[in-house]
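K.L.:
Model the structure of this input:
(2 chains)
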Amino acid sequence: MVDRIDRRSSQNINENTANEERRHRRDLKTYYGLENGDSDLKGHEGNPHMPFTTDPCNIDGAIFQPQTYLSKLIQERSLTELMDEEQKMVRDIRGLDSDMQTLVYENYNKFISATDTIRKMKNDFRKMEDEMDHLASNMSAITEFSGNISSTLQDRRQKITKLAGVHSLLKKLQFLFELPARLNKCIEIEAFVQAVRYYTKAQRVLHQYEHMPSFQGINTDCEAIIKQLRCKLREKFRQKESTAKQLTECVDLLLQLGEPAESLCDEFLSHAKHKLDEDLKELDKQIKLYSGELNPGHDERPAQAYISAGMDVLEFVDSGCNGFLSNICLVIASYNDMFLNRPQTDESLDTIALRKLVLFVNELMEQYFNFVRQRVQLEKETGDNTILVRALDRFHRRLQAMNKLLPDTDFSRAGTEIVSRGARDRVAHYLQSLKQHFADCLTDIRQNLAAPRLVGKQDHSARLAELLSNMQTSVVEQIKSVLGNLQAFIASDITFAMKPYFRGPFCSQDVREGLVVAFVKHVCTVCNDFCEVPGDKTMSPPALLMILSRFCIDLENATISYLLSLAEEQFMVEDKATVTAMSELFAMAKDTGQRLLNHYVRVQGLTISQMLRKSVETRDWLNTIEPRNVRAVMKRVVEDITAIDMQVGQLYEEGVRKERSSDSSRRTHALSATQQNRRPQWNYAPSVDNSLMSNIQKLFSEKIEIFSAVEFSKVSVLTGIVKISLKTFLECVRLRTFGKYGLQQIQVDTHYLQLYLWRFVSDENLVQVLLDEIVCSAVHRCVEPAMMEPSVIDLICERG
Amino acid sequence: MEDEAPVIYGLEFQARSLCAQEAETDNIRFLVGTQSLRAENQVHYIDFDDENNVINKTVFLHREGEIWNISSSTFDASLLSTCFNKTSDAKSELRAAVWQLPGTADPFNPSADDTSSSHPHLQFKCYLTPEEHSDVKGVLWHPGGDSHSVIGLCEDKIVCWDLDSASSSAKVTSSTSVEGRGQHKLTCGRWNPHHNCNQIATANDTSIRGIDLRSMSQVYQIESAHSQMVRDLDFNPNKQYYLVSCGDDCRVKFWDTRNVTVPLKVLSEHSHWVWSVRYNHFHDQLVLTSSSDSRVILNSVVSLSSEPYGRLTEKDDTDDAENEGKKYVTKTFSSRNHEPPKDGVIATYEEHEDSVYAVDWSSADPWTFASLSYDGRVVINRVPRSEKYKILL
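P.N.:
Model (predicted):
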C-alpha cells in the first residue's frame, strides 16, 4: 500500500508540480541530447496522432493544459464517450501507477548499494588524506637533505672538472711527446698516410707553442722526422718504377705536408718526362734502325738482330700509340687528378699548373710529332700504301682521343699536318717514280732504236708506232695504278679521309696538281729539254724526237683529258677554280709537240745539210771531169729523205699537198719545159739582166721561210727538211767557184733531186724555185758557164 | 730627214763584201766590193748624203779578181784592203792586197760620176802575202789606227804585216799557225779594240778562240759556241770582255770572254744562217745582224750594253754648260720618267730579196748603216727615230 500511496503522492506531486517536472524533463532531455525525449511518454500514452508540441490538449504534450483539455472534451464528446474516456483515463492512471511502483522498486536496491559505497568512500578518503600529509612531510625532509648534500659537494665537483681537463690535455701532450716515436714507427712500417695525418694534427699546436723549450724540442724532432718523411716520399716519387697510383698518393701527401705545388708539378712532370723520354728514345732508335743509321749491335743474336731491324711504319705508330701516347695520356690524367681537380686549390695555382702541363705536353708532343714525321718521311721506298695509310689513320685517331683529354690544345691540327705531309710525300714519291718510269720509257725507246733492226721490213715499219703505243699505255697504266694506290688515302674507313681540311687539299692540290698535272708538266719539260741540247755531240736520236712529239700530241688530244677526268672522278675533286685548267695543259703539250717536231725537222735537215755541205765544200769544182753520174751524195740524200718519210709516216698522217700529181713523168716534162725556157737566157744574157731576171722572179714568188714551224703532218715535216737541205746547198754553192763541168754536175744533181724530191713536199714549186736558184747561183759562180743539154741530164738521171 | 725610208742602191754585179770607211768620221761612206767571175770587178765608193737622203757613188775598178772581203784602213781614209779570188786555169786562190783610192781631191765631183764608161782604177799599193802560200780570208786593220799593222786571216794561220809609212810594202812581222781540230779552217776574225789591241778573236767551225798577238797564244776558247759553223764575230766597243757571235744555227750569241761556258744571251730571230753581226760603235745596245733569210734585224740589247739603265745624264754637268743647263735638266727628267728600256728587236728590214751577207754601221753617223745582199743591192737604213730619241733622251 505504501507503494500506492507513494505512487499517488508522486502522482500528485506530478500533477502539482507539472510545470516543474516539465522543466526537469527538458533539462534531462538536453542533457541526454534527445530530440524526442517524450517518445516514451507517447508510447505510454498511446496517442501518437496527437500533436504534442503546441497542442495544449495533448495530454503528453509539454504545454498540456488540463482545463482546456477538459473543456474541450466536454464540449466535443458525448456522455458515453466521456464515460469511456473517464474509464480509459482511470485505467491509464492505474497502469501508470503500477509502472511507477515497479520502477521505484527496481531502483531501490541500487540506491541502497550506492549509498553504502559512498559511505565507504568517505572513510577511505579520510585515510588517504593522512597518507598524503605524511608524504608531504617526507618530501620536505628529502628536499632539505639534498640541498644539504649538494651544497657540501659543490667545490669538489669543480675540482673534478678541472682534473678531467688536465687529463685530456695531458693525453694530448702525451700524444705530442710520443709523436716523434710514432712518426718514426709509421715511417718504419711505411704507413706514410698515418704519419702525415698525425703530423698535420699536431702541427698547429706545435707551431703555437713553439716558443716553449719542450715543445720546441718536439717540434724540431718532428720536423726532422717529417723532413725525413718528405725525403722518403720524394725518393719514392722519383723512383722510376713507382706506379701512377703510388705517385698520386705521394703527391697528395706531399701536398698535405705543404710542399709547394709548383715544384711538385715540375718534379712530377720531369719525372714523367723521364719515362716518356725513354719511349721517345725507343722511337728514335727505331727510326735510326729503319733508316739504317744505326746498326743493330753485333753482340746480339741473329734473331734479335732481325727483330731490331726496325719496325714497319704501322708497328712504329702502334708502338708510339701504345707506348708514348698512352703514357702521356696517363700522365695527363694523373696530373689532372693530382693538381687540377683538387677541391681546395686556388685559381692561380690551377692556371699555373695547367700552363705547366700544356707546356710540357706540347714539348713532348712536338718531339713525338717530329719522330712520327721523320718516320713517315722514311716511308719512301715501299710501294704499298695500305700500311702507311692504316698507320696514319691510327695515329690520327689516337690524337683525336688525346684532344679530348686536354681540351685546350689542338694536336689534331699538327697530326693532320703530319698526315697531309705524309700523303704529300707519297704523292711526291709517286711523281718521282712516274718521272723515273718516264725516263725508263725513254731509255727503253733509245735502246730499242739503237738496237740493230730486226730482219723483215714489215716489222720495221711498225716499230715506231709500236714503241709509241707501248710508251703511252705503260705511262697511262702507271698513272692509273698510282692513282689506284693513292685512293687508299681517301678510303671511307679512314678517319682523316673524311676531314675536309685533309681531303680538299689532298685531292685537288696533291693528287690532281701534284701528281697528274705535275707529271704532264714534267713530260713537257723533259721534251722541251730535248730541243735545247747544246752542241750536236749529245744529240738524241731523231726517231725519239719524233715519238715524243707524237706522244705530246696524243697527250693533248686524249691522254690529258682522260687522266684528269680519271683523277677527278676517283678523287672527287670539286674545287676547280684554283687548279690548272685543262686547256693550259693542252696548250703546253701542243706547244711541246710543236717544238719537238720543229726540232726534229732541224735535226734531220741539219744531217742532210751537213752531207750536202761537205760534198760541196770538199770538191774541187773547177777541175772536175764531165759529169757521167749523179753524185752518190745526192742518192744518199734521196735515200735518207725516203727513210725519214717512212719514219714520219708511221706516226703522222699524210697532210695536205698544194698540188697533187701521181704521175712523176708529167712533172719531169714540165720541169724540162721551164728549164728550156730559161736556159738560153742564162747562156747569153749579160749578168745585169741575169740578176734582174732573178730579182723579178723573186718578186713574184713568196719569200721562203727556211726554219719555219711545221704542221703536224708528214708532208709538212718533209717539206721543212727539204727546204733546209736545199737552202744549205744553195749557200754552199755560192761559196764555190765552178768550172764548166762543175756547173754541169750541179745541173745533173739538181735535176736528180727534182725527180725524186717533189713527192715529199707540199708544194712542188718550192723545190723547183730552190733548185732553180741553186743552178742559177752555180751559173754565176761559174768561170765558163756552159749548160748541159736537158736530154743528156735526163739520160744521166734516169741511168743513175 | 722627214722620211725614214731606206735608200737603195743597186750594183750591177753580185757582191758580198761591204765595209764602212773607218777612218772617215765626217761623212757617211761605205765601200762595196763586187764579186764577178767574168767581168772586171769594181769597188763602189758610196757616199750617203744624210740631209738630202741621196747617194753619191764612185766606182773604181779592181783589176784583180772577184772580191770576197773588203776592209778599210783605220788610219788613212784612202786606204783599203781586199781579199780577192784569183782564178787561173785550174785553180783559184784567195789573195789580199792594199789599195788606195785615187785622187786626194774630193772624189765625188759630178764630172767623174758622168764618165761611168771609164771608171778609174784603184791604186795598187802592195800585196799582202803570207810567207807560205795560203788563202787569205780576211784582213784586219789595227782598230786603234795608231799602228800601221795589218793582220791577215789565212786558212790555217794568222799573219801580221807591218806597212811602211807609204803603205807601199808590207813586211811580215809575225805569223802563227792555228791548229784547228780536224780540217776546220779559219772562217772569220775580229781585232779586239780593248787591251791595247793585243788580242784578236777568230772562229773556226763551231768554236771561237781568243789569241794574244804578243805571244800568239790562245787566251780563251769557246768550244761549240754555236751548234753549227760560226759566221761572224764582233766586240762590244765599250765593254771590253763582251763579244757577240753568229752562225749557221740561226742564233746570235753574246759572250763574256771571262766565262765562256754559257752565253750571256741568245737571240734567235733569224730563220736562216746569220752571216754578219755588228755592234754600233757608239751605242753598244744596238746590234745589227744579217742573214741568208734576206733580212736585216736591228736588235736592242740594253741589258748587256754599257748603258743598261738608259743614258745617265748627271746633273753636275750643268756646271760646265750653264747655257744648256735647262735643257739638260729637262732631259734628265724625261729620261727618269721613262721605264727602263728592254731588250728586243727594234726593227726588221726586209728590203733585200737575196741573202744578206754583209752589214756595217757607218763610222761617221751612229744612226746609219748599210747592208748588202748577194744580188748586189745596197740598202742604207737608219735607226728608227723613236728608238734614237729613246737612247738620246
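
K.L.:
Any regions of chain B where pLDDT drops low?
P.N.:
Scanning chain B for pLDDT under 70 picks out B:1-3, B:89-90, B:103-117, B:179-183, B:309-340.

K.L.:
Which residue, neighbours along the chain excluded, lies closest to residue B:129?
P.N.:
Leaving aside its sequence neighbours, residue B:129 sits nearest to residue B:95 (Cβ to Cβ, 6 or more residues apart in numbering or on different chains; 7.1 Å). To be clear about C-beta, it is placed using only N, CA and C from the backbone, and glycine gets the same treatment.

K.L.:
can you check residue A:652 too?
P.N.:
residue A:714 (4.8 Å).

K.L.:
in stretch A:68-80, what counts as buried?
P.N.:
For stretch A:68-80, a neighbour-count test (16 or more other Cβ atoms under 10 Å in any protein chain shown) marks residue A:69 as buried.

K.L.:
Which residues outside that stretch are in contact with it?
P.N.:
Stretch A:68-80 is contacted from outside by A:56-57, A:59, A:82, A:85, using Cβ atoms under 8 Å, 6 or more residues apart in numbering or on different chains.

K.L.:
ok, the residue nearest to residue A:652 - contacts?
P.N.:
Contacts of residue A:714 by Cβ under 8 Å, 6+ apart are A:645, A:648-649, A:652-655.

K.L.:
Next one: the residue of the stretch 1-150 of chain A found nearest chain B from residue A:156, what distance?
P.N.:
Per Cβ to the nearest Cβ, residue A:150 is where the stretch 1-150 of chain A lies closest to chain B, at 123.9 Å. Using Cβ to Cβ, to the nearest Å, we find residue A:150 at a distance of 11 Å from residue A:156.

K.L.:
In a strand, residue B:150, correct?
P.N.:
Yes. Under DSSP: H, G, I helix; E, B strand; the rest coil, residue B:150 sits within a strand.

K.L.:
Which stretches in chain B count as helices?
P.N.:
For chain B, the helices defined by DSSP state H cover B:110-114, B:317-320, B:325-337, B:385-392.

K.L.:
before we move on, which element is the residue of the stretch 1-150 of chain A closest to chain B in?
P.N.:
helix A:79-188 (DSSP states H and E).

K.L.:
Mind giving me the packing neighbours of the helix or strand just after that helix?
P.N.:
Where DSSP H and E defines the elements, the next helix or strand beyond helix A:79-188 is helix A:192-208. The contact analysis (3 or more Cβ pairs under 8 Å, 6 or more residues apart in numbering or on different chains; DSSP states H and E) places helix A:192-208 against helix A:79-188, helix A:213-238, helix A:244-256.

K.L.:
export those helices to a markdown table and tack on distance to residue B:184?
P.N.:
Shown next, in a markdown table, are the helices and strands packed on helix A:192-208 (distance: least, Cβ to Cβ, whole Å):
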| stretch | distance to residue B:184 |
| --- | --- |
| helix A:79-188 | 103 |
| helix A:213-238 | 86 |
| helix A:244-256 | 87 |
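
K.L.:
ranking the ones you listed by mean pLDDT, which is last?
P.N.:
Lowest mean pLDDT within those: helix A:244-256, at a mean of 72.

K.L.:
Could you measure from the closest residue to residue B:285 other than its chain neighbours over to chain A?
P.N.:
What sits nearest to residue B:285 in space, not counting adjacent residues and going by Cβ to Cβ, 6+ apart, is residue B:305, at 3.6 Å. Going from residue B:305 to chain A by Cβ to the nearest Cβ, to the nearest Å gives 25 Å.

K.L.:
show me the contacts for residue B:305.
P.N.:
Contacts of residue B:305 by Cβ under 8 Å, 6+ apart are B:236, B:238-239, B:283-285.

K.L.:
just residue B:150 next, same as before
P.N.:
B:81, B:98, B:128, B:139-142, B:160-163, B:170.

K.L.:
Likewise for residue A:464?
P.N.:
Residues counted as contacts of residue A:464 (Cβ under 8 Å, 6+ apart) are A:543, A:546-547, A:647, A:650-651.

K.L.:
now the residues you listed as TSV including pLDDT?
P.N.:
Below are the contacts of residue A:464 laid out as TSV (pLDDT from 0 to 100):
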residue	pLDDT
A:543	81
A:546	82
A:547	84
A:647	83
A:650	81
A:651	81
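
K.L.:
If you rank the residues you listed by neighbours, which is first?
P.N.:
Highest neighbour count within the contacts of residue A:464, by other Cβ atoms under 10 Å in any protein chain shown: residue A:547, with 28 neighbours.

K.L.:
Ramachandran coordinates for that one?
P.N.:
phi -60, psi -40 (degrees, to the nearest 10).

K.L.:
Quickly find the element holding the residue nearest to it when sequence neighbours are not counted.
P.N.:
Leaving aside its chain neighbours, residue A:547 sits nearest to residue A:468 (5.0 Å; criterion: Cβ to Cβ, 6+ apart). Applying DSSP H and E as the criterion places residue A:468 in helix A:463-486.

K.L.:
for chain B, what are the nearby residues on the stretch 351-500 of chain A?
P.N.:
Taking Cβ under 8 Å from any Cβ of the partner chain as the criterion, chain B has no neighbours within the stretch 351-500 of chain A.

K.L.:
so where is the stretch 351-500 of chain A shaky, pLDDT-wise?
P.N.:
For the stretch 351-500 of chain A (pLDDT under 70), the answer is A:380-384, A:406-410, A:452-462.

K.L.:
where along it do the helices fall?
P.N.:
A:386-405, A:411-450, A:457-461, A:463-486, A:495-498, A:500-504 (DSSP state H, counting those that start in this stretch).

K.L.:
rewinding a little: could you identify which of the helices and strands packed on helix A:192-208 is most buried?
P.N.:
Comparing the helices and strands packed on helix A:192-208 by mean neighbour count (mean count of other Cβ atoms under 10 Å in any protein chain shown), helix A:244-256 ranks first with a mean of 18.

K.L.:
Extract the C-alpha set from it and format it as CSV.
P.N.:
Provided in CSV are the C-alpha atoms of helix A:244-256 (Å, rounded to 0.1, in the frame of the first residue of the first chain):
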residue,chain,number,x,y,z
ALA,A,244,100.9,6.2,-61.1
LYS,A,245,98.8,5.4,-58.1
GLN,A,246,101.7,5.5,-55.7
LEU,A,247,102.8,8.7,-57.3
THR,A,248,99.4,10.2,-56.8
GLU,A,249,99.5,9.2,-53.2
CYS,A,250,102.9,10.6,-52.8
VAL,A,251,101.9,13.9,-54.3
ASP,A,252,98.8,14.0,-52.2
LEU,A,253,100.9,13.5,-49.1
LEU,A,254,103.5,15.9,-50.1
LEU,A,255,100.9,18.5,-50.8
GLN,A,256,99.4,17.9,-47.4
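
K.L.:
That one - contacts with which helices or strands?
P.N.:
For helix A:244-256, the packing partners by 3+ Cβ pairs under 8 Å, 6+ apart come out as helix A:192-208, helix A:213-238, helix A:261-291, helix A:326-335.

K.L.:
Could I get the buried residue list for the third one?
P.N.:
Spelled out, that is helix A:261-291. Result for helix A:261-291 [16+ other Cβ under 10 Å]: buried residues A:261, A:264-265, A:267-269, A:271-273, A:275-276, A:279-280, A:283-284, A:286-287, A:289-290.

K.L.:
One more: the shortest one?
P.N.:
Across helix A:326-335, burial judged by 16+ other Cβ under 10 Å covers A:327-329, A:331-332, A:334-335.

K.L.:
Kindly reformat those as JSON lines containing pLDDT and distance to residue A:578.
P.N.:
Compiled in JSON lines, the buried residues of helix A:326-335 are given as follows (pLDDT from 0 to 100; distance: Cβ to Cβ, whole Å):
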{"residue": "A:327", "pLDDT": "79", "distance to residue A:578": "42"}
{"residue": "A:328", "pLDDT": "78", "distance to residue A:578": "38"}
{"residue": "A:329", "pLDDT": "80", "distance to residue A:578": "39"}
{"residue": "A:331", "pLDDT": "77", "distance to residue A:578": "43"}
{"residue": "A:332", "pLDDT": "78", "distance to residue A:578": "40"}
{"residue": "A:334", "pLDDT": "75", "distance to residue A:578": "47"}
{"residue": "A:335", "pLDDT": "76", "distance to residue A:578": "44"}
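
K.L.:
Alright, that wraps it up for me.
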